[in-house]
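Peer 1: what follows is a protein structure lacking sequence information:
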């Protein structure tokens, strides 16, 4: 039979076998491309998160050092930069990480100043900015000519509040603190108070309580003169002469009982001498976050120049007869620790559930050269009660060693101790005279000259600088506890700290930053 041509053509046109194959090929290519796109995007997103985490870590580490000279190097050390092997801030799949040129950098941000965190220290800064970049290879995007993708991450950090603090500031007010410090252009006492102003500026009175202790202790009947500025601090105290009116008057050192852990409080021991000048206070700022001129603490420390107003000098000064009693640190450390423990215990008792437990802080500023002993001196009345020659508290030998032991007790109760060596000698010595000796009652020659037998000091022949290093809490990777200002009169260039801060105010700024720690803040603030 002969088939008509028109019927064969019509059948061919209607035939659908194999029509789906082009669609399958098209859809296969489409889904493969989408899968490739998702894989490359997912890899880029994952890498971006790793890069941001490394950048955040670098900013936080460097932010803890924003008042130090090594802020930038610390940020680099904790970054994800290729070749820096500080896990976990480097990642195996990020092999081409670098800092964006110009970063890390320190900045003085007004937005952070408005939070009460000043620009200070050698960097004159209060924030640190890190910006890292990385190149990662692509997989399927290569078919489109995209061989790699560049990622970037930015993080900014600034000091921030962490937990409530109880701060005991211990200040040397012996007669040497009236010495003029040419490096800062004031007396050492005035320089110390300027540093204390920096400390207060970085604390928050809503949660931080501050108390001031001095040595030598002063009579309870005249201690108020250190807060009422009558006369001004600049007047010199008397030494074996008619007392300067209006100044506090020192007394022979009292010997507080060694506080038990979680002590119930500080009780003025053995007479009327007190080491505590201002009780724990939280009224040192007004509602505008400025120093409160009605606060005894502010009156004692002083006020920095601000908002067009001149600086106000603090009232604290070396008291009358301060030079008669020498330096003895152990008593004031025990007194401050007892007061800290009492303050903390009262706060804990009233804390709401899940509230942060306050942390006790001790900051000690002195040259560390303890030299009080009844074996030599002027009136031989250095102490209220004559201590023994045992070398164990209370004793009039081994003065520097007793201070280290007292600090060990405080640290055992959880107190963190910062020390600032203000003109501290780096060598212990005995030359036969207290005036030219360093930690004299801890030296072998002292025991020989006064026929006391063998040296019973816990730390024989210790130096003032080493005393303050041992008093301080151990340094950590992010917190420095020992500081030194070797530029002060009597300072020793060999007494150095790892902080890089040498000026007194920079040391206080660095301590404040350590107390506040650092936090990430929004990028782009000015």
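Peer 2: Perfect, I can see it now. Remember, it's a predicted structure, so these values are computed and weren't measured experimentally.
Peer 1: need the contact list for the residue nearest to residue 147 when sequence neighbours are not counted.
Peer 2: For residue 147, ignoring the flanking residues on the chain, the nearest one in space by C-beta to C-beta, 6 or more residues apart in numbering is residue 138 at 6.4 Å. The C-beta positions use only the backbone N, C-alpha and C, and glycine is treated the same way. Residues near residue 138 by C-beta atoms under 8 Å, 6 or more residues apart in numbering: 40, 146, 147, 148, 149.
Peer 1: the helices in the stretch 301-450 of the chain, which residues?
Peer 2: For the stretch 301-450 of the chain, the helices defined by DSSP state H, counting those that start in this stretch cover 330-349, 399-412, 444-449.
Peer 1: right, and the helix or strand after the shortest one?
Peer 2: Looking back up the chat, that one is helix 444-449. Downstream of helix 444-449, the next assigned helix or strand under DSSP states H and E is helix 464-471.
Peer 1: run the chain-centre distance for that following helix.
Peer 2: Helix 464-471 sits 17 Å away from the centroid of its parent chain (C-alpha atoms, centre = their mean, to the nearest Å).
Peer 1: tell me the mean pLDDT for the helix or strand just after it?
Peer 2: Helices and strands here follow DSSP H and E; after helix 464-471, the next one along the chain is strand 482-485. The average pLDDT within strand 482-485 is 92.
Peer 1: show me how this structure divides into domains.
Peer 2: Following automatic domain parsing, one gets these domains for the chain: 15-159, 166-520.
Peer 1: nearest to residue 526, of these?
Peer 2: Residue 526 lies closest, by C-beta to C-beta, to one member of the domains of the chain: domain 15-159, at 6.1 Å.
Peer 1: kindly reformat the domains of the chain as a markdown table containing distance to residue 526.
Peer 2: Below are the domains of the chain laid out as a markdown table (distance: least, C-beta to C-beta, whole Å):
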| stretch | distance to residue 526 |
| --- | --- |
| domain 15-159 | 6 |
| domain 166-520 | 17 |
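Peer 1: what's the most buried one of those?
Peer 2: Mean neighbour count (mean count of other C-beta atoms under 10 Å) peaks for domain 166-520 among those, with a mean of 20.
Peer 1: how much space separates the residue nearest to residue 147 from residue 43?
Peer 2: Separation of residue 138 from residue 43 (C-beta to C-beta, to the nearest Å) stands at 8 Å.
Peer 1: now do residue 287
Peer 2: Noted for residue 287: a distance of 52 Å to residue 43, by C-beta to C-beta.
Peer 1: kindly report the same for residue 51.
Peer 2: Residue 51 sits 12 Å away from residue 43, going by C-beta to C-beta.
Peer 1: how about residue 129, nearest residue that isn't a chain neighbour?
Peer 2: Closest residue to residue 129 apart from its sequence neighbours, by C-beta to C-beta, 6+ apart: residue 156 at 4.8 Å.
Peer 1: ramachandran angles for the residue nearest to residue 147?
Peer 2: phi -100, psi 170 (degrees, to the nearest 10).
Peer 1: which pLDDT does the model give it?
Peer 2: With respect to pLDDT, residue 138 has a value of 75.
Peer 1: before we move on, what about the one 4 residues further on?
Peer 2: In the predicted model, residue 142 carries a pLDDT score of 68.
Peer 1: and the strands in the stretch 101-250 of the chain?
Peer 2: 105-107, 127-137, 148-159, 165-172, 180-181, 186-187, 209-219 (DSSP state E, counting those that start in this stretch).
Peer 1: redo those as TSV? Include distance to residue 245.
Peer 2: Formatted as TSV, the strands of the stretch 101-250 of the chain follow (distance: least, C-beta to C-beta, whole Å):
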stretch	distance to residue 245
strand 105-107	48
strand 127-137	48
strand 148-159	42
strand 165-172	22
strand 180-181	23
strand 186-187	20
strand 209-219	15
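Peer 1: for those strands, which one sits closest to residue 472?
Peer 2: Of all these, strand 165-172 sits nearest to residue 472, with 12.4 Å by C-beta to C-beta.
Peer 1: what's the angle from that closest one to strand 209-219?
Peer 2: 30 degrees (axes from the mean of the first three to the mean of the last three C-alpha atoms, to 10 degrees).
Peer 1: elements contacting strand 165-172?
Peer 2: helix 188-201, strand 209-219, helix 330-349, strand 359-366 (3 or more C-beta pairs under 8 Å, 6 or more residues apart in numbering; DSSP states H and E).
Peer 1: mean pLDDT added to those, as TSV?
Peer 2: Formatted as TSV, the helices and strands packed on strand 165-172 follow (pLDDT from 0 to 100):
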stretch	mean pLDDT
helix 188-201	92
strand 209-219	95
helix 330-349	92
strand 359-366	96
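Peer 1: redo those as a markdown table? Include distance to residue 107.
Peer 2: Converted to a markdown table, the helices and strands packed on strand 165-172 look like this (distance: least, C-beta to C-beta, whole Å):
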| stretch | distance to residue 107 |
| --- | --- |
| helix 188-201 | 18 |
| strand 209-219 | 28 |
| helix 330-349 | 35 |
| strand 359-366 | 27 |
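Peer 1: out of the ones you listed, nearest to residue 301?
Peer 2: The nearest among the helices and strands packed on strand 165-172, by C-beta to C-beta, is helix 188-201 at 4.4 Å.
Peer 1: packing partners for the closest one?
Peer 2: With contacts taken as 3+ C-beta pairs under 8 Å, 6+ apart, helix 188-201 sits against strand 165-172, strand 180-181, strand 209-219, helix 296-301, strand 302-303, strand 359-366, strand 416-422, helix 504-516.
Peer 1: now these in JSON lines, with distance to residue 430?
Peer 2: Formatted as JSON lines, those follow (distance: least, C-beta to C-beta, whole Å):
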{"stretch": "strand 165-172", "distance to residue 430": "21"}
{"stretch": "strand 180-181", "distance to residue 430": "27"}
{"stretch": "strand 209-219", "distance to residue 430": "22"}
{"stretch": "helix 296-301", "distance to residue 430": "36"}
{"stretch": "strand 302-303", "distance to residue 430": "38"}
{"stretch": "strand 359-366", "distance to residue 430": "20"}
{"stretch": "strand 416-422", "distance to residue 430": "20"}
{"stretch": "helix 504-516", "distance to residue 430": "29"}
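Peer 1: figure out which of the ones you listed is closest to residue 440.
Peer 2: Judging those by C-beta to C-beta, what sits closest to residue 440 is strand 359-366, at 15.5 Å.
Peer 1: ok, the closest one: who's next to it in the sheet?
Peer 2: Paired neighbours of strand 359-366 in the sheet (DSSP bridges): strand 165-172 (parallel), strand 416-422 (parallel).
Peer 1: and the shortest one with helix 399-412, angle?
Peer 2: Between strand 416-422 and helix 399-412, the angle comes out at 150 degrees (the same axes, to 10 degrees).
Peer 1: what angle do strand 416-422 and helix 504-516 make?
Peer 2: If you take the same axes, to 10 degrees, strand 416-422 sits at 170 degrees to helix 504-516.
Peer 1: could you do the first one as well?
Peer 2: Using the same axes, to 10 degrees, the inter-axis angle of strand 165-172 relative to helix 504-516 is 160 degrees.
Peer 1: residue 324 and residue 243 touch, don't they?
Peer 2: No: under the criterion of C-beta atoms under 8 Å, residue 324 makes no contact with residue 243, lying 11.8 Å away.
Peer 1: worst average pLDDT in the domains of the chain?
Peer 2: domain 15-159 (a mean of 77).
Peer 1: so how far is that one off the chain centroid?
Peer 2: 30 Å.
Peer 1: equivalent analysis for stretch 315-334, please.
Peer 2: Offset of stretch 315-334 from its chain centre (C-alpha atoms, centre = their mean): 25 Å.
Peer 1: repeat that for stretch 308-326.
Peer 2: The chain centroid and the centroid of stretch 308-326 are separated by 25 Å under C-alpha atoms, centre = their mean.
Peer 1: now do the same end-to-end measure for that stretch.
Peer 2: Stretch 308-326 has its terminal residues 40 Å apart, counting by C-alpha to C-alpha, to the nearest Å.
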